[in-house]
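1. generate a structure from the sequence data that follows.
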Amino acid sequence: MIPFGPRVTSFAMQLYLLHRCPFGHRASIALLEKQLPFEPIFFSRAQHPPELEAVGPYAKSPTLFDGDVQVWDSQIVLEYLEDRYPERPLMPRDGAGRAEARMLEARADKELGSKLDVLVAETLFKPKRDEAKIAEVISELLAALKDWDHHLEGRTFLVGDALSLADVTLYSIFPSLHGLTGTEIPSQRPHLRAWHERMTARPSSRLLAPQS
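-> Residues are numbered from 1 along each chain as shown. Down below sits the predicted model:
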């Protein structure tokens with residue numbers, strides 16, 4: 001059980017998140033890439049801290065407290081950080097590049113994130129796992145990696161020559177996928193695997209964990 005009560009902190013920002021949540025992971029990567037000091041505050045699905053409850057029913061993982069500002073929903077948190085702290089940008093400067101990054105973010109969520117949602121429901125929230133359904137969804141997800149592998153051929157990042165929120169969004173899916181099912185990017189997808197290895201090597205990509 002995580003104790004809750006009045007918080008006394010020297011950090012200007014607090015990030016409320018669930019451990020291993022891909023959405024919270026995206027927010028922590030962005031904060032670390034932007035070198036913004038923050039305090040990660042972990043809570044359980046069964047018990048939200050009162051300060052999070054006070055924000056409203058949509059304040060889940062992640063919710064960012066930045067002084068008097070509270071921002072929920074991972075996509076809005078990422079956009080807020082980009083707007084509020086434009087130094088060390090995580091989006092291309094030009095409109096076309098920003099549109100491409102946003103479309104890739106949407107694709108990652110539609111093509112892969114939606115399947116991850118099914119796996120979360122099957123592995124964490126059902127009294128009995130449907131192994132056949134899990135195997136089917138994993139197969140579909142792995143098949144969807146072909147286009148991502150093709151896109152990354154000859155590229156270091158998904159858009160242009162710098163890390164963007166598209167990379168952050170896509171990357172956050174894979175630690176959760178591995179944690180839930182042990183599934184890894186297959187060797188038949190060498191460009192995607194190489195990109196994943198580069199992302200994993202970035203200190204910002206580490207999955208934060210509650211302090212014991």
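
2. per-domain residue ranges of the chain.
-> 13-89, 95-203 (automatic domain parsing).

3. can you map out the strands along the protein?
-> Per DSSP state E, the chain has strands spanning 13-17, 39-42, 63-66, 69-72. These are given in chain order.

4. what residues of the second one count as buried?
-> Taking 16 or more other CB atoms under 10 Å as the basis for neighbour counts, the residues of strand 39-42 that come out buried are P40, I41, F42. For glycine as for every other residue, the C-beta is placed from the backbone atoms N, C-alpha and C.

5. and the residue nearest to T169 when sequence neighbours are not counted, how many neighbours?
-> Closest residue to T169 apart from its sequence neighbours, by CB to CB, 6 or more residues apart in numbering: E105 at 4.4 Å. For E105, the count of nearby residues is 23 (other CB atoms under 10 Å).

6. wait, E105 sits on D167?
-> No. Using CB atoms under 8 Å, E105 makes no contact with D167, being 9.5 Å away.

7. what about G179, neighbour count?
-> 14.

8. now swap in D109 and tell me
-> 19.

9. contacting residues for it?
-> T169 (CB atoms under 8 Å, 6 or more residues apart in numbering).

10. tell me the confidence at it?
-> For D109, the pLDDT comes out at 97.

11. look up how far R84 lies from it.
-> Noted for D109: a distance of 23 Å to R84, by CB to CB, to the nearest Å.

12. if we ignore the residues flanking it in sequence, what's nearest the residue nearest in space to the middle of the chain?
-> Centroid-nearest residue in the chain, with CA atoms, centre = their mean: R26, separated by 2.9 Å. Spatial nearest neighbour of R26, chain neighbours left out: S172 (4.7 Å); criterion: CB to CB, 6+ apart.

13. so that neighbour is in contact with A27, correct?
-> No. With contact defined as CB under 8 Å, S172 does not reach A27; the gap is 9.3 Å.

14. of those two, who's got more company?
-> A27 (29 against 26).

15. the nearest residue to the more buried one once chain neighbours are set aside - how many residues pack around it?
-> Among residues not flanking A27 along the chain, P62 sits closest, at 4.1 Å (CB to CB, 6+ apart). When neighbours are counted by other CB under 10 Å, P62 registers 27.

16. which residues touch P62?
-> Here P62 is in contact with L15, Y16, L17, C21, F23, G24, R26, A27, S28, W72, S74, V77 (CB under 8 Å, 6+ apart).

17. just the pLDDT for it.
-> 98.

18. show me what whichever helix in the chain runs longest is packed up against.
-> Counting by DSSP state H, the longest helix found in the chain is helix 131-151. If you count contacts as 3 or more CB pairs under 8 Å, 6 or more residues apart in numbering; DSSP states H and E, helix 131-151 packs onto helix 114-124, helix 165-181, helix 190-201.
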